[in-house]
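>>> Show me the folded form of this:
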Amino acid sequence: MTVLSKAEAPRSKAGALEFIPSESKLRVILVLHIKDGAEKRFMEVYRTLRDQVAEVPGHISDQLCQSIQNPSEWIITSEWEGPAPYFAWVNSAEHVRMVEPMHECVHNTRSMRYGVVRETRPAAAAPVPRAERHTERPPDDVVRHAVTFTVKPGSEQAAARVLASYASPDPEVDAITRLHRTSLFMRGNRVVRAIEVIGDLGAALRHVAGQPGVRAAEEALNPHLEEARDLDDPKAAREFFMRAALPAVHHLTVGDVNAPGVRRRALSYPARPGCGAAVALFLSRQDQLAAARHPSALVSSTIYQRGDIVVRVVDLRSASEPDPRVILGIEGVRAPAVLSRLVDVGADGDLGTSAGISRFLADCDMDLVTDRRAQEP
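Numbering: from 1, shown residues only. Next up is the predicted model:
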């Protein structure tokens, strides 16, 4: 895949700091087109699904709406306490089981996710908690997502050759969607593909999957995967990529990622069991603090997290190799000690020394396999 339909404009540091996705509620809008004659079955499925989702931790409410202009078009809106509980559910096997009956009723679906930036409440309503007080989010039309999977030990080099050699797909998807950038990293036998799209992520992923060059590369990759997959079976392929999904849970941009001297790299953090979300939140706040410093090597940071898999993709400006603390996101007196409690630094690991931090960076640093950017239209 690829980037650069347009450069991200530099953001004010104040704007970057005031919107905190991890502390904002999330609004999800699911657009559905119902098959002719399937309306009754759809309503039965929705009632069952509504009751099940109501029990999911982090879910607040939902609404079912029908278009007054096109009766076959419906939307389901839902509100969540934040991105983390929503993505934990939507990427789970339980979600796959819950929504399976819906597929027989609809032609296609489109899901959109928005952080709640401001909320109008009745005058008599209780004050908004401090964590929910945000100013406007800086404009950003880039949708970020990642997938991760593992290859068989010993096949890393062969897999890397496949992943680096495919022909770039056509970046133009439709009138509103364009491929922006794809960065692919490996660490050991784990692969992380970070995808940036302008427009509809689902449409972009379907577009890429249908490109002959990409399809050939995916087929060539199959023998190297630890988890077998059948791309000819739509259901099996969908379930594989749902399990592989690594959602973006935090993002921050404070400069031009396309400026000369800016380098992209990725870090994979070995979170302790059950600490993945805490690691992601800690790193996001460290990046916010780094962005407030002047000058700062940090230009952009996106944190991807599912369960205890945490990957941070950063764009850094520097004429030379930045300080390892900057790369890892642990600037500050207390930051190394805090991260030490959340990650596995190894039996002899010690983030209290420069040598220990350098060793930990070497363990976390991922190899860049390919970084593809679309040309200007």
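>>> moving C-terminal of whatever helix or strand residue 214 lives in, what's the next helix or strand?
With elements taken from DSSP states H and E, the one containing residue 214 is helix 212-221. Reading on from helix 212-221 to the C-terminus, the next helix or strand found by DSSP H and E is helix 234-244.
>>> how far out from the middle of the chain is that next one?
16 Å (CA atoms, centre = their mean, to the nearest Å).
>>> Which of the residues in the helix holding residue 214 are classified as buried?
Using 16 or more other CB atoms under 10 Å as the test for burial, helix 212-221 gives 214, 217-218, 220-221. Every residue, glycine included, has its C-beta placed from N, CA and C.
>>> from those residues, which is closest to residue 256?
Of all these, residue 214 has the smallest distance to residue 256: 29.0 Å, by CB to CB.
>>> Surely that closest one touches residue 170?
No - the pair residue 214 and residue 170 does not pass the contact test of CB atoms under 8 Å, sitting 10.4 Å apart.
>>> Now for residue 353, how many residues are close by?
10 (other CB atoms under 10 Å).
>>> typo on my end, it should be residue 295
Residue neighbour count, defined by other CB under 10 Å, stands at 6 for residue 295.
>>> For it, give its distance to residue 264.
For residue 295, the distance to residue 264 equals 19 Å [CB to CB, to the nearest Å].
>>> which phi and psi does the nearest residue to residue 263 once chain neighbours are set aside have?
In space, residue 263 comes closest to residue 316 once its chain neighbours are excluded; the distance is 5.7 Å by CB to CB, 6 or more residues apart in numbering. Main-chain torsions, residue 316, degrees, to the nearest 10: phi -120, psi 140.
>>> show me what contacts residue 316?
By CB atoms under 8 Å, 6 or more residues apart in numbering, the residues touching residue 316 are 262-263, 265, 297-299, 322, 326-327.
>>> for this protein, what spans make up the strands?
For the chain, strands defined by DSSP state E occupy the ranges 26-34, 59-66, 73-80, 106-115, 142-150, 178-187, 190-198, 245-253, 262-270, 298-306, 309-317, 367-373.
>>> lowest-confidence stretch among the ones you listed?
Mean pLDDT is lowest for strand 106-115 out of those, coming in at a mean of 83.
>>> what pairs with that one, and is each one parallel or antiparallel?
strand 26-34 (antiparallel) (DSSP bridges).
>>> how many degrees apart are the strand it pairs with and strand 59-66 in direction?
Strand 26-34 runs at 30 degrees relative to strand 59-66, counting by axes from the mean of the first three to the mean of the last three CA atoms, to 10 degrees.
>>> Now find how far off-centre strand 26-34 is within its chain.
On CA atoms, centre = their mean, the centre of strand 26-34 falls 19 Å from the chain's centre.
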